[in-house]
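S.K.: here is a sequence with its predicted model. Questions after.
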Amino acid sequence: MIDKTIEPTDIFIIGGGINGCGIARDAAGRGLSVTLAEMNDLASATSSASTKLFHGGLRYLEYFEFRLVREALVEREVLLKAMPHISWPMRFVLPYHEDMRFESDTPTSRLLSYVMPWMKGRRPAWLIRLGLFMYDNLGGRHILPGTSTLSLKDTPEGAPLQERFAKAYEYSDCWIEDSRLVVLNARDAEARGAKILPRTKVLSATREADLWCVETQNTENGDTQIHHARMIVNAGGPWVGDIIQTKVRLNSREGVRLVRGSHIVTRKLYDHDKCYFFQGSDGRIIFAIPYETDFTLIGTTDAEHDDPSNKPVCTPDEQSYLINFANQYFKQDLSDADVVWTYSGVRPLYDDGASSATAATRDYTLKVDANGGAPILNIFGGKITTYRRLAESALEKVSEHLANVKGPWTAGVALPGGDFPVDGFDAMVADLQDRFPFLNAFWARRLVRAYGTEAASILGTAREADDLGKDFGATLSAAEVLWLMENEYARTAEDVVWRRNKLGLRLSKDQIDTLDTWMATHRRSESKAAE
């Protein structure tokens with residue numbers, strides 16, 4: 001029975017990844033009441049395990065996904081303007097050689113094999129250049145420079161590569177700090193009135209006339225709570241199908257295809273700040289990207305993943321695949337000993353019946369079920385680059401079922417800390433060092449990259465490093481950890497050093513354990529003070 005004393009929320013969102021938090025922000029900014037529940041930490045699954053790129057998806061052109069690519073290309077610059085601290089332009093170097101091949105099951109490959117069988121599946125240079133021309137012009141550019149041809153002989157870009165590569169194409173895309181993007185969307189949603197509930201698992205959701213009755217459980221203390229909502233948004237990512245079947249118990253034919261993408265991180269492999277786009281003999285592609293100042297990120301794979309409850313890990317075979325792939329390009333022969341960290345995430349793609357994981361669409365699909373009472377919107381697929389447009393599309397669906405939904409508003413509106421010019425990062429770093437002279441260059445850049453205009457708030461009135469409290473190592477202070485706990489939903493060391501930042505690459509296990517103990521002690525003292 002519906003409890004009339006509980007005020008219903010307009011939208012109850014299940015899932016605290018980028019789609020859920022992006023929709024929460026958009027909806028709250030349109031005046032809707034919003035509650036979001038995430039069973040773990042925000043961005044604890046797919047949204048912290050991407051390749052960290054805002055990109056159009058150059059290879060998706062070979063699948064004729066022109067709508068998706070155009071939307072993503074347009075979004076790059078919209079997003080850059082809203083978050084210049086956590087996103088920035090990058091140049092991508094695509095080395096060319098005559099043996100480059102298509103994946104055999106792409107529409108472009110099949111077409112070329114029919115009209116030009118003598119090519120035997122090879123990617124001709126003219127076709128790559130045509131693809132890059134389309135990439136430059138499909139979405140329009142105002143900030144990002146276009147494609148150019150680059151010599152790899154006696155140039156910094158050619159120095160780490162094997163001698164057989166003489167020419168490359170260079171084009172533009174963007175970097176994004178994926179898990180920070182999620183948290184900043186959640187914070188902005190909360191500032192606009194949304195209720196954000198991390199570590200809150202949805203146990204069940206049942207329709208009672210024109211409302212949903214949702215039961216949740218706090219995963220830390222076991223407390224349960226009942227919520228009423230006019231509409232549910234299922235943004236469960238890899239769990240979207242499980243939510244449909246076991247939580248809301250719909251009779252739906254829509255399904256999700258789970259595709260695992262794994263990455264490896266090595267010590268820094270080259271000195272410049274550009275990314276490499278490598279094409280393999282099997283037709284697939286990987287990126288090699290400058291990462292966290294002193295490292296190189298290499299990925300990704302595409303492998304089927306059966307069960308979202310099985311934590312994705314980079315398998316030995318996937319690690320070997322990425323190493324062998326990179327070794328086709330770099331002079332330096334990589335081995336397992338060069339890998340300092342691996343991570344893996346599951347992409348919840350819409351099951352379009354494609355023949356392989358690589359061929360499955362990266363576009364998003366939104367399905368509303370209003371049979372039998374209150375509506376539910378199920379979110380399938382999506383790319384991190386198009387999360388804001390997905391949210392707008394979701395609100396279009398919501399407006400068909402809820403009254404008085406205001407229009408789109410998020411384009412160009414800054415996320416927390418992002419209210420400065422796209423080209424203003426270096427000036428902000430210099431200003432922060434002027435105000436806090438004890439910061440070295442790495443520390444200042446790290447703080448501005450993470451927090452933008454909010455970096456000074458973390459440092460407060462500190463005159464020297466000791467004023468920031470305990471030093472956990474790698475420039476992580478107690479003042480910063482407390483700020484993350486109070487403002488960004490962090491509860492454990494893992495939340496801090498692998499999602500709010502990547503200092504886990506620089507801290508020892510003992511240092512991380514010390515941080516975890518310190519945070520647990522602080523939480524307990526807070527709980528006692530609140531009693």
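M.R.: Received, thanks.
S.K.: now tell me which helix or strand of this structure has the poorest mean pLDDT.
M.R.: The helix or strand of the chain with the lowest confidence, counting by mean pLDDT, DSSP states H and E, is helix 107-115 at a mean of 62.
S.K.: would you confirm that S457 contacts E486?
M.R.: No. S457 lies out of contact with E486 (CB atoms under 8 Å); the separation is 11.0 Å. Yep, even glycine has a C-beta here, placed from its N, CA and C like the rest.
S.K.: picking up where we left off before, what's the following helix or strand after the least confident helix or strand of the chain?
M.R.: Downstream of helix 107-115, the first helix or strand assigned by DSSP states H and E is helix 125-137.
S.K.: buried residues in that following helix?
M.R.: For helix 125-137, a neighbour-count test (16 or more other CB atoms under 10 Å) marks L127, I128, G131, L132, M134, Y135, D136 as buried.
S.K.: which one of these is nearest T386?
M.R.: Of all the buried residues of helix 125-137, Y135 has the smallest distance to T386: 15.6 Å, by CB to CB.
S.K.: quick one, what contacts the closest one?
M.R.: The contact partners of Y135, by CB atoms under 8 Å, 6 or more residues apart in numbering, come to G56, L58, L61, V69, L73, T147, Y171.
S.K.: which among those residues count as buried?
M.R.: Using 16+ other CB under 10 Å as the threshold, G56, L58, L61, V69, L73, T147, Y171 are the buried ones among the contacts of Y135.
S.K.: mind listing which of the residues you listed are in strands?
M.R.: Among these, the ones falling in strands (DSSP state E) are Y171.
S.K.: what's the closest of the buried ones among the contacts of Y135 to C314?
M.R.: Nearest to C314 among those is L58, at 23.8 Å by CB to CB.
S.K.: wait, doesn't the closest one sit right on L130?
M.R.: No. Judged on CB under 8 Å, L58 makes no contact with L130 at a distance of 11.7 Å.
S.K.: just to revisit the earlier point, now tabulate the contacts of Y135 in JSON lines and tack on distance to A209 and pLDDT.
M.R.: Formatted as JSON lines, the contacts of Y135 follow (distance: CB to CB, whole Å; pLDDT from 0 to 100):
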{"residue": "G56", "distance to A209": "45", "pLDDT": "84"}
{"residue": "L58", "distance to A209": "49", "pLDDT": "79"}
{"residue": "L61", "distance to A209": "48", "pLDDT": "74"}
{"residue": "V69", "distance to A209": "43", "pLDDT": "86"}
{"residue": "L73", "distance to A209": "44", "pLDDT": "90"}
{"residue": "T147", "distance to A209": "57", "pLDDT": "94"}
{"residue": "Y171", "distance to A209": "54", "pLDDT": "94"}
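S.K.: of the residues you listed, which pair is most distant in space?
M.R.: V69 and T147 (14.7 Å).
S.K.: check the residue minimising distance to the centre of the chain and give its pLDDT.
M.R.: Using CA atoms, centre = their mean, the residue of the chain that lies closest to the mean C-alpha position is D178, 3.4 Å off. pLDDT for D178: 97.
S.K.: low-confidence ranges in the protein?
M.R.: 1-5, 63, 100-124, 352-362, 528-531 (pLDDT under 70).
S.K.: which parts of the stretch 51-200 of the chain are helices?
M.R.: Along the stretch 51-200 of the chain, the stretches classed as helices by DSSP state H, counting those that start in this stretch are 66-82, 107-115, 125-137, 178-191.
S.K.: Serialize those helices to TSV and add fields for distance to L507.
M.R.: Listed next are the helices of the stretch 51-200 of the chain as TSV, based on distance: least, CB to CB, whole Å:
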stretch	distance to L507
helix 66-82	30
helix 107-115	45
helix 125-137	39
helix 178-191	17
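S.K.: who wins for proximity to F12 among the ones you listed?
M.R.: Comparing these by CB to CB, helix 178-191 comes nearest, at 13.3 Å.
S.K.: how far does the closest one sit from the chain's center?
M.R.: The chain centre lies 12 Å from the centre of helix 178-191; the measure is CA atoms, centre = their mean, to the nearest Å.
S.K.: got the angle for it vs helix 66-82?
M.R.: 70 degrees (axes from the mean of the first three to the mean of the last three CA atoms, to 10 degrees).
S.K.: please enumerate the helices of the stretch 301-450 of the chain.
M.R.: Under DSSP H, counting those that start in this stretch, the stretch 301-450 of the chain gives helices at 316-327, 387-399, 425-435, 441-451.
S.K.: figure out which of these is closest to T475.
M.R.: With CB to CB as the yardstick, what comes closest out of the helices of the stretch 301-450 of the chain is helix 441-451 (4.2 Å).
S.K.: hey, C-alpha coordinates of the closest one in CSV?
M.R.: C-alpha atoms of helix 441-451 as CSV (Å, rounded to 0.1, in the frame of the first residue of the first chain):
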residue,chain,number,x,y,z
ALA,A,441,54.5,21.9,-10.0
PHE,A,442,53.1,18.3,-9.9
TRP,A,443,51.0,19.0,-6.8
ALA,A,444,49.5,22.2,-8.2
ARG,A,445,48.7,20.7,-11.6
ARG,A,446,47.1,17.7,-10.0
LEU,A,447,44.8,19.8,-7.8
VAL,A,448,43.7,22.1,-10.7
ARG,A,449,43.2,19.1,-12.9
ALA,A,450,40.9,17.5,-10.3
TYR,A,451,39.2,20.4,-8.8
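S.K.: so for it, what gets flagged as buried?
M.R.: W443, A444, R445, R446, L447, V448, R449, A450, Y451.
S.K.: got it, and stretch 403-415?
M.R.: Buried-residue list, stretch 403-415, by 16+ other CB under 10 Å: V405, T410, A414, L415.
S.K.: show me which of the residues you listed is closest to G373.
M.R.: Here the nearest of these to G373, counting by CB to CB, is V405; it sits at 19.6 Å.
S.K.: separation between the residue nearest to the closest one when sequence neighbours are not counted and G29?
M.R.: Distance criterion CB to CB, 6 or more residues apart in numbering; nearest residue to V405, sequence neighbours excluded, is S399 at 3.9 Å. To G29, S399 is 14 Å away according to CB to CB, to the nearest Å.
S.K.: and Y135, by the same measure?
M.R.: 31 Å.
S.K.: please apply the same query to V497.
M.R.: 31 Å.
S.K.: equivalent analysis for L395, please.
M.R.: From L395 to G29 the distance is 10 Å (CB to CB).
S.K.: neighbour count winner among these two?
M.R.: L395 (25 against 21; other CB atoms under 10 Å).
S.K.: wait, the residue nearest to the centre of the chain sits on S47?
M.R.: Yes. The pair D178 and S47 passes the contact test of CB under 8 Å, sitting 5.8 Å apart.
S.K.: overlap in contacts, those two.
M.R.: Contacts common to D178 and S47, judged by CB under 8 Å, 6+ apart, are I18, I384.
S.K.: packing partners of the biggest helix by length in the chain?
M.R.: Looking across the chain with DSSP state H, the single longest helix is helix 509-530. Applying 3 or more CB pairs under 8 Å, 6 or more residues apart in numbering; DSSP states H and E, one finds that helix 509-530 contacts strand 471-473, helix 478-487, helix 493-494.
S.K.: ok, which of these comes nearest K268?
M.R.: strand 471-473 (19.9 Å).
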